[in-house]
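A.B. asks: here is a sequence together with a model predicted from it:
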Amino acid sequence: IPEVETWANSPLGTPTNAIFGATEVLPAFLSTCYGPDDRFCKYNDLHATFGPHLIEVLKLKGDKMVPVEEGESGILALTTVFREGTILLRYLIGDEARYKKGWGSCSCGRTTSLYDKIQRIDIPEEVLNHGCVSL
């Protein structure tokens, strides 16, 4: 939201941050508070969180889903043993993301991998006809 970016980048710097989560894994990604200083993650650059889950960005290679390389986009897959009753293994939640940078490569101080461009990729016909899909 442009107004939020303006507040965060003003000389007084209103601390602002972003978080991404899903019902299955909350929170999955988060940013540092950002402001006028370059040591913060900005504009929806989000770090993976630690937890009893694994977050992957996958692409189809041949007939297999494989992790993307740095700079590539793919579909988000969640694996978690945290839930009671149902363990999710490479569960596709219908979102895509770009794997921006690997471990320890961000100047903000967080060491986990950095992601951006997270967005919904629902195809209405598929949701109506099939629902969610797991690999």
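C.D. replies: Good, I have the coordinates.
A.B. asks: hey, let's count contacts and neighbours off CA atoms from now on
C.D. replies: Fine.
A.B. asks: following element in sequence after the top strand by length along the chain, please.
C.D. replies: Secondary structure of the chain per DSSP state E: the longest strand is strand 88-101. Using DSSP states H and E, the helix or strand that follows strand 88-101 in sequence is strand 114-120.
A.B. asks: pull out the buried positions in that following strand.
C.D. replies: Residues of strand 114-120 classed as buried under the neighbour-count rule (16 or more other C-alpha atoms under 10 Å) are Leu114, Tyr115, Asp116, Lys117, Ile118.
A.B. asks: for it, C-alpha coordinates in CSV please.
C.D. replies: These are the backbone C-alpha positions of strand 114-120, laid out as CSV (Å, rounded to 0.1, in the frame of the first residue of the first chain):
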residue,chain,number,x,y,z
LEU,A,114,14.3,-14.5,1.7
TYR,A,115,11.1,-14.7,-0.4
ASP,A,116,9.0,-12.1,-2.3
LYS,A,117,6.2,-11.8,-4.8
ILE,A,118,3.9,-14.0,-2.8
GLN,A,119,0.5,-14.1,-4.4
ARG,A,120,-2.6,-16.2,-4.9
